[in-house]
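# Pasting the sequence and the predicted model now:
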Amino acid sequence: MDCDVLIVGAGPTGLMLANQLARRGVRTLIIDRHAGPARETRALGVQARTLEIYAKLGVVDRALALGKRGDGANMWAEGRRMARVPLADAGARLTPYPYILVLGQDDNEKILGERLHDFGLSVQWNTELLALTQTPERAVATLKRPDGSLREIEAAWVAGCDGARSAVREQSGIGFPGAPYEHVFFVADVEATGSMVPDEVNVYLWKDGFHLLFPMRGQDHWRIVGILPPALRGKEDVRFDDVIPSLREEAGAGLAFKECSWFSTYRIHHRSASHFREGRAFVLGDAAHIHSPVGAQGMNTGLQDAYNLGWKLALVTQGRAEAALIDSYEAERLPIARRLLDTTDRGFKLVVSDSWWAGLLRTEVLARVGALAMGRPRIQQTAFRVISQIGINYRASALSVSLDDPPQGAPRAGDRFPWMRLRFSANGPQEDLFDKLDDLHFHLLVFGQPAPQQPLLLPAELVRVHAVPSDPDNAAELARQKLPMTSFYLLRPDGYVALCGAHLDLAALARHAAGPLGLRTLPLG
């Protein structure tokens, strides 16, 4: 084969997948039909779960340096600030990154592209997928190269990360049902002053729609996303000056614009691929699902698609796991995409409906209920888990098995294992669990019981064992997470719980590794 994995599309999703494969030694080719990286992009909210993944990849410091940290989100209606979601407070004990990082898609691509170079891999630009055929053993792709010549390559797997008009999806015969929204969006990069809360997201609800203002790097620099007022929807060549009156009507007459460096209008679709895999081809990111910008979830969801598929594809291509492991990609990610599509679609229809009752609901009922609800810490935390994507779980997955019924509120099989600071040796320092555990291995965490003395029935090169001793500080951290004092958790490379129970059962561990996880090198004894 010419490569193990052909990745079509070098946006954030394709670059994330390429990084995850390259760092695991998988022979990867990544192509893109465009001449180079995006320069002007609409996606810009990087959520906490994505930053956790960036930390594992070694690029989080670079992202934080380039981005603008938003510690809260404010809801405005009829010119009044009605509610605030204190992201920093709500997520302070849930993640190392309790905020939204405002960082454009172009900067995300730059960071991921630079990291990819560290692994000796570069994007082949001006290279287009023209045809794709499959056999049971391989995929054959016809590529159009920069000079116009054609090249045929063979790959074990093909990943379509090539956006809403995905050639991989179309060549694989995967349906993409859905429809466009009737509304026209606009996006603008501006230098502005006004009532906006500095360094936080500001959401302005008005009777005919909404405006989102994201703080950007630099003084008084904002990215505005909104829908065109009804009077402008049929107009051609709309300019930023045309939308200023509607902005001032809601955000106040004191809203002043010094400069607009970029303005664009566009339409949004809501679509989901009928399935995420066809034979040896996968679809990820916008090739698999597109939806409204409500909640700043789109780019992050694509990055998590890639993170989910990457470690599985690496184990299979390296012969360490059965090919059936890859079936769990669609089983886990498709329900997440469908649920997100349904949620954002309903939310979007509410905030853009032209009906008088929807306008009243937005500016009066929704704003007041939001103000009341967001004053409660438990609701704040629940909202943060959803928006930040740390609350995503795979409990229904075949890879997720609980041997015992965990206590109420404790981590369950399929959950992202919580962030804690623990001592891993008696009288040792408290360490950040997420820093301690890399994402290139499985990790077996053993609490309140000795580490296994007999050799594990898991291949040593795939798993790391951590016995967490009992001490007052560890007990406090476990109690905070409602985690049983006597328990064990087998974590997947992506940090989700594969198997858990009260007392470590090596035979059950072996069965789970050989069964759902399909690890080929497991000696069953």
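Cool, got the structure. Numbering: from 1, shown residues only.

# Now the residue nearest to residue 458 when sequence neighbours are not counted: which helix or strand?
In this structure, residue 458 finds its nearest non-sequential neighbour in residue 513, 5.5 Å apart by C-beta to C-beta, 6 or more residues apart in numbering. C-beta here means a position set from N, CA and C on the backbone, and glycine is covered the same way. Residue 513 is part of helix 506-514, with elements assigned from DSSP states H and E.

# Looks like residue 255 contacts residue 248 (just checking).
Yes - Residue 255 is within contact range of residue 248, at 5.0 Å (criterion: C-beta atoms under 8 Å).

# Who has more neighbours out of those two?
Set residue 255 next to residue 248 and count neighbours by other C-beta atoms under 10 Å: residue 255 wins out with 19 against 15.

# List the residues that contact the spatially closest residue to that one that is not a sequence neighbour.
Of all residues not flanking residue 255 in the chain, residue 194 sits nearest, at 3.7 Å (C-beta to C-beta, 6+ apart). The neighbours of residue 194, taking C-beta atoms under 8 Å, 6 or more residues apart in numbering as the test, are 251-252, 254-256.

# For the residue lying closest to residue 280 once chain neighbours are set aside, grab phi and psi.
Using C-beta to C-beta, 6+ apart and skipping the chain neighbours, the partner closest in space to residue 280 is residue 139 (4.6 Å). Torsion angles at residue 139 (phi, psi; degrees, to the nearest 10) stand at phi -120, psi 140.

# ok, now which ones touch residue 139?
Residue 139 neighbours (C-beta under 8 Å, 6+ apart): 6, 132-133, 154-158, 279-281.

# distance of residue 458 from residue 452?
Counting by C-beta to C-beta, to the nearest Å, the separation of residue 458 from residue 452 is 10 Å.

# For residue 521, give me the pLDDT.
Per-residue confidence (pLDDT) for residue 521: 53.

# Please identify the nearest residue in space to residue 140, excluding sequence neighbours.
Leaving aside its sequence neighbours, residue 140 sits nearest to residue 133 (C-beta to C-beta, 6+ apart; 5.0 Å).

# Hmm, that neighbour is touching residue 153, no?
No - the criterion here is C-beta under 8 Å, and residue 133 misses it with residue 153 at 11.8 Å.

# Who has more neighbours out of the two?
Neighbours per residue (other C-beta under 10 Å) separate residue 133 from residue 153, with residue 153 holding more: 16 against 13.

# which residues pair with that one across the strands?
residue 141 (DSSP bridges).

# And the protein, what are its domain boundaries?
3-67+103-176+273-351, 68-99+179-271+353-377, 401-514 (automatic domain parsing).

# Tell me which of those approaches residue 386 most closely.
domain 3-67+103-176+273-351 (8.0 Å; C-beta to C-beta).

# Can you get me the centre-to-centre distance for the closest one and its chain?
Relative to its parent chain, domain 3-67+103-176+273-351 has a centroid offset of 12 Å by C-alpha atoms, centre = their mean, to the nearest Å.

# returning to that earlier point: format the contacts of residue 194 as a markdown table; extra columns: pLDDT and distance to residue 389.
Listed next are the contacts of residue 194 as a markdown table, based on pLDDT from 0 to 100; distance: C-beta to C-beta, whole Å:
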| residue | pLDDT | distance to residue 389 |
| --- | --- | --- |
| 251 | 76 | 29 |
| 252 | 75 | 33 |
| 254 | 83 | 35 |
| 255 | 89 | 32 |
| 256 | 92 | 35 |
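
# Mind checking which of the residues you listed are in strands?
Counting by DSSP state E, the contacts of residue 194 place residue 256 in strands.

# Please identify which of the contacts of residue 194 is nearest to residue 333.
For the contacts of residue 194, the minimum distance to residue 333 (C-beta to C-beta) is 37.5 Å, reached by residue 251.

# so is residue 470 in a helix, a strand, or just coil?
Assigned with DSSP: H, G, I helix; E, B strand; the rest coil, residue 470 falls in the coil class.

# and it, what is it in contact with?
Residue 470 makes contacts with 448, 485, as judged by C-beta under 8 Å, 6+ apart.

# Buried ones among the contacts of residue 194?
Buried subset of the contacts of residue 194 (neighbour count, 16 or more other C-beta atoms under 10 Å): 251, 255.

# can you redo the contacts of residue 194 as a markdown table with distance to residue 407?
Formatted as a markdown table, the contacts of residue 194 follow (distance: C-beta to C-beta, whole Å):
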| residue | distance to residue 407 |
| --- | --- |
| 251 | 47 |
| 252 | 50 |
| 254 | 53 |
| 255 | 51 |
| 256 | 55 |
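
# Pairing-wise in the sheet, spell out the partners of residue 490.
Going by DSSP bridges, residue 490 forms beta bridges with residue 444, residue 499.

# and it, how many residues sit next to it?
Per other C-beta under 10 Å, the neighbour tally for residue 490 reads 25.

# wouldn't it be in contact with residue 496 here?
No - contact criterion C-beta under 8 Å: residue 490 and residue 496 do not qualify, at 10.2 Å.

# If we ignore the residues flanking it in sequence, what's nearest residue 13?
Nearest to residue 13 is residue 285, by C-beta to C-beta, 6+ apart, at 3.2 Å.

# Next: residue 7.
Counting by C-beta to C-beta, 6+ apart, residue 30 is the residue found nearest to residue 7 once chain neighbours are left out, at 4.2 Å.

# In contact with that neighbour, which residues are there?
6-7, 10, 14-15, 18, 116, 121, 123-124.

# And for residue 43, the neighbour number?
Neighbour count of residue 43, defined by other C-beta under 10 Å: 21.

# isn't it right up against residue 303?
No - contact between residue 43 and residue 303 fails when scored by C-beta under 8 Å: they sit 10.3 Å apart.

# Now do the helices in the stretch 201-350 of the chain.
All helices of the stretch 201-350 of the chain, identified by DSSP state H, counting those that start in this stretch, fall at 240-251, 298-317, 327-352.

# can you list these in JSON lines and add distance to residue 85?
Below are those laid out as JSON lines (distance: least, C-beta to C-beta, whole Å):
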{"stretch": "helix 240-251", "distance to residue 85": "19"}
{"stretch": "helix 298-317", "distance to residue 85": "17"}
{"stretch": "helix 327-352", "distance to residue 85": "15"}
